[in-house]
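Visitor: below are the sequence and a predicted model for it; my questions follow.
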Amino acid sequence: MASFLSTSWCRSASAFIPAATKTKTLSTRRLATAVDQLFSSSNDHDGIRRSTTLPSSAGVLNKSTTQNAAIISSSRSSATRLFSTAVKESTAVEVVEEEELPTNDNDNDLLKIRHTSAHVMAMAVQQTFPEAQVTIGPWIDNGFYYDFFFPETTDAETGEAVPSRKLTAQDLKKVKKAMDKIIQKNYPIVKEEVTREEARRRIELINEPFKLEILDSIKTEPITIYSIGEEWWDLCAGPHVESTGQLPKKAIALQSVAGAYWRGDEKREMLQRIYATAWKDPKQLKAYKKMMEEAKKRDHRMLGKKLDLFSIQEDAGGGLVFWHPKGARIRTKIEDFWKDQHTSQGYDLVYTPHIANLNLWKTSGHFDFYAEGMFDQMDVENEVYQIRPMNCPFHCLMFKDDIRSYRDLPIRWAELGTVYRYERSGTLHGLMRVRGFTQDDAHVFCLPEQLQDEIVDVLKLTQGILSRFGFNKYELMLSTRPDKSVGSDKIWDDATAALVGALDELGWSYGIDEGGGAFYGPKIDLKIKDAIGRTWQCSTVQCDFNLPDRFDLDYISAEGTKERPIMLHRAIFGSIERFFGILTENCAGDFPFWLAPVQMRLLPVTDAVYDYCKEVAAKANKLGLRVEVDRGNERLAKQIRNAEKGRIPVMSVVGMKELEEGTLAVRSRKLGDLGSFSVDDLLTELKQCDEAAVEMTKMGEVPQKEEEKSE
């Protein structure tokens, strides 16, 4: 199969190099030798307990794959004729194998290192700055942090008040030196269990008021304390390494200082939070730093402004997203694909209101359990209304609106529903954490015996949709019944068995978070892995035994009795906004051809060809392609540079020759000059590639899929 566009799903050319290759130079060849590889995925698990590359046989896109292959197949002859033009032979791609970094979830030793490092850092801070008071210091995805309070002090000589300390970069260097000394002394880490009264006595003795509040929040006994030798101790549940000497000091780095309110309450004390990272060896730390450097280049906030995709208008309020035309085009493509995939898999699309009477949220339980995450209510004709933080209660009302038979189930309703949640201003972050966002929500109401099949279908649909956007590596976690829950033992056991059965049926590896489920049901969470190795929580499949009871949902069984349906919550993107941010960073703003807000830009060399360019653009736009004409105010070299900066996949330099011959001289952002082609042939090829979601990538041979070899 020959084409100048081949599937890469936002990946680099290195995706097509054997994994064993450490560093190679890939010579480019004529475009006619390129082979399209559709929906690439592997049937082999990667050996990490919670990470998996999902098998293509499980994907919902198998049917689409066949259709897309047919589309490309039908264009082989034209593609060969169009894109057999000689190209630059000197282009080379360096491929460097990246080490996969461990995580807290799949490496307990790493988690212990980070937890103990947090304690050592707190001890070092108090050694360096004795006035510091400690609060909390948990591990996080890539390291740990610790929050400190620095009170005002009094100068011993003058008696004057000294303002609270503001930590600087130089202070962090001092703290790191103190940490290294603590590690060098190899203090034992000792666990001790004491009574609540004894813990209180010790805390009061060292004057740590924040620790008293933490102690009061601990509801279990005995109280666990971890000590670093006889030098320092903290309230803690563990786990830790056995001694400070087991910490790899050259694999620990203090990163930054940020402000944080105690308990997240802006009415309480402002703390100073030290962020740090810790790994098992210096090589991992180096790889992490390299990843973070790359992450800065991919920051979706920077790219959103640079590419004119979206903005947060502070005059309108923080955490509210304004979608600019280019960003809106991408969002529309994402949503249209999402809708098409759902309707093809038996879902009905629904729309529900953005506000509802407060009584609805009391019935659902959100007002009792989620009030802090909801905006204030509003008065409407002496009734209290609430802007929605969730979509699920609306779907429950719709289910209850009619008498349902067991023959009607399963019912699958999907909605791109915008919700609004109160987030403190200090927690807002670009598109990743906002106050108004659109959930790709869906709810399945089914019979108990249908549950496993429905979960399998949801997971297949999830794989199919995420794969389209270039996400083929995932980490899955099954979360089971917590101590506090609703529902009988049988329904919990059956639902958990259905989740396990679905994962086993698909052959997907997963981890188990014992007791990590919601109070209303067990769940599967799926994290996607991006191009630089970061993981992002996106998809969830959640059983719910609570809302059917609260809304008194039922169906008529085959025996004529009223029975409760099983309700499945599920989201694939999580939210459109957050997924858009993740996708932007994954592609570094270099969106695949089918998603690019502008797929081709025409660059007129002279005003005499401007009308011709407009005619070509109009013809392309009628085909559903996104083609625009440069205004031609700049020199040609500047026009080309502007198109490159705008991450536009294809551009065409148009002069009098192209006007007279009815052709276009085509230049690829990634491949360089490709030659001249007739307008109709070029637009036909581009349209086929747009429909098949085929991305422009490297030149050279791409391995055929097995089904193509067997044809």
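Guide: Yep, it's here.
Visitor: what sits against the residue sitting nearest the centre point of the chain?
Guide: Centroid-nearest residue in the chain, with CA atoms, centre = their mean: Trp536, separated by 3.5 Å. In this structure, Trp536 makes contact with Lys527, Ile528, Lys529, Asp530, Ile582, judged by CB atoms under 8 Å, 6 or more residues apart in numbering. No exception for glycine: its C-beta is placed from N, CA and C like everyone else's.
Visitor: let's verify the first one: helix, strand, or coil?
Guide: Of the three states, Lys527 takes strand according to DSSP: H, G, I helix; E, B strand; the rest coil.
Visitor: count the neighbours of it for me.
Guide: For Lys527, the neighbour count with other CB atoms under 10 Å is 20.
Visitor: show me the beta-bridge partners of it.
Guide: Bridge pairing for Lys527 (DSSP bridges) gives the partners Glu475, Gln537.
Visitor: do I have it right that it meets Thr540?
Guide: No. Taking CB atoms under 8 Å as the definition, Lys527 is not a contact partner of Thr540, at 10.5 Å.
Visitor: returning to that earlier point: what's the closest of the contacts of Trp536 to Arg331?
Guide: Proximity to Arg331 was ranked across the contacts of Trp536 by CB to CB; first place goes to Ile582, at 13.5 Å.
Visitor: what strand or helix carries the closest one?
Guide: Secondary structure assigned from DSSP states H and E places Ile582 in helix 576-587.
Visitor: what's the spacing between that helix and its chain's center?
Guide: Distance of helix 576-587 from the chain centroid (CA atoms, centre = their mean, to the nearest Å) equals 7 Å.
Visitor: and the very next helix or strand once past it, what does it pack onto?
Guide: Using DSSP H and E, the helix or strand that directly follows helix 576-587 along the chain is strand 600-604. In terms of contacts (3 or more CB pairs under 8 Å, 6 or more residues apart in numbering; DSSP states H and E), strand 600-604 is packed against helix 610-622, strand 627-629, helix 636-645, strand 650-654.
Visitor: direction included, what does strand 600-604 pair against?
Guide: Its sheet considered, strand 600-604 pairs with strand 627-629 (parallel), strand 650-654 (parallel) by DSSP bridges.
Visitor: quick check: phi and psi on the closest residue to Ala495 other than its chain neighbours?
Guide: Leaving aside its chain neighbours, Ala495 sits nearest to Cys543 (4.3 Å; criterion: CB to CB, 6 or more residues apart in numbering). Dihedral angles of Cys543 (phi, psi; degrees, to the nearest 10) stand at phi -80, psi 140.
Visitor: may I have the residues that are in contact with Cys543?
Guide: When contacts are counted by CB under 8 Å, 6+ apart, Cys543 is found next to Leu451, Ala495, Ala498, Leu499, Tyr520, Gly521, Pro522, Lys523, Ile566, Met567, Leu568.
Visitor: ok, residues contacting stretch 303-322?
Guide: With CB under 8 Å, 6+ apart, stretch 303-322 has contacts from 323-327, 330, 423, 425, 428, 430-431, 433-437, 577, 580, 584-585, 588-589, 597, 645-647.
Visitor: buried ones among those?
Guide: Neighbour counting over those (16 or more other CB atoms under 10 Å) leaves 323, 326-327, 330, 423, 430-431, 433-437, 577, 580, 584-585, 588-589, 597, 646-647 as the buried ones.
Visitor: under the pLDDT cut-off, which ranges of this protein? List them.
Guide: Residues of the chain that meet the criterion pLDDT under 70 lie in 1-99, 695-711.
Visitor: at 80 instead, please
Guide: Per-residue confidence for the chain (pLDDT under 80) gives these ranges: 1-99, 155-157, 159, 370, 426, 632, 670, 694-711.
Visitor: follow-up on the earlier one: dump the contacts of Trp536 into a markdown table; add distance to Glu193 as well.
Guide: What follows is the contacts of Trp536, written out as a markdown table (distance: CB to CB, whole Å):
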| residue | distance to Glu193 |
| --- | --- |
| Lys527 | 35 |
| Ile528 | 41 |
| Lys529 | 39 |
| Asp530 | 42 |
| Ile582 | 43 |
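Visitor: ok, and the most crowded of these?
Guide: For the contacts of Trp536, neighbours tallied by other CB under 10 Å; top is Ile528, 25 neighbours.
Visitor: which residue packs closest to that one, ignoring adjacent ones?
Guide: Counting by CB to CB, 6+ apart, Phe471 is the residue found nearest to Ile528 once chain neighbours are left out, at 4.2 Å.
Visitor: in this structure Met567 contacts Leu547, no?
Guide: Yes. Counting by CB under 8 Å, Leu547 is a contact partner of Met567 at 5.9 Å.
Visitor: who's more crowded, these two?
Guide: It is Met567, of Met567 and Leu547, that has more neighbours when counted by other CB under 10 Å, with 26 against 21.
Visitor: buried ones in the one helix or strand His119 maps to?
Guide: Under the criterion of DSSP H and E, His119 resides in helix 108-128. Judged by neighbour count using 16+ other CB under 10 Å, the buried positions of helix 108-128 are 110-127.
Visitor: and for stretch 298-317?
Guide: Of the residues in stretch 298-317, those buried (16+ other CB under 10 Å) are Arg298, Asp299, His300, Arg301, Leu303, Gly304, Leu307, Leu309, Phe310, Ser311, Ile312.
Visitor: what's the span of that stretch, first residue to last?
Guide: Counting by CA to CA, to the nearest Å, the length from the leading to the trailing residue of stretch 298-317 is 25 Å.
Visitor: likewise for stretch 512-524?
Guide: Calculated as CA to CA, the first-to-last residue distance of stretch 512-524 is 9 Å.
Visitor: again with stretch 342-356
Guide: Here the two ends of stretch 342-356 are set 26 Å apart, with distance taken as CA to CA.
Visitor: what comes into contact with it?
Guide: Identification of contacts with stretch 342-356 by CB under 8 Å, 6+ apart yields 60, 339, 378, 385-388, 391, 393-395, 398, 411-415, 417-418, 420, 442, 457, 461.
Visitor: return the distance of the nearest residue to Asn586 once chain neighbours are set aside relative to Glu475.
Guide: Once flanking residues are discounted, Asn586 sits nearest to Asp530: 4.3 Å by CB to CB, 6+ apart. In this structure, Asp530 and Glu475 are separated by 12 Å, where distance is defined by CB to CB, to the nearest Å.
Visitor: quickly list what's touching both of those two.
Guide: When contacts are counted by CB under 8 Å, 6+ apart, the set common to Asp530 and Glu475 is empty.
Visitor: element containing Leu285?
Guide: Mapping Leu285 onto the secondary structure by DSSP H and E places it in helix 282-297.
Visitor: tell me how far the helix or strand just after that helix lies from the chain's centre.
Guide: Taking DSSP H and E as the definition, the helix or strand that follows helix 282-297 towards the C-terminus is helix 300-306. For helix 300-306, the distance between its averaged C-alpha position and the chain's averaged C-alpha position is 17 Å (CA atoms, centre = their mean).
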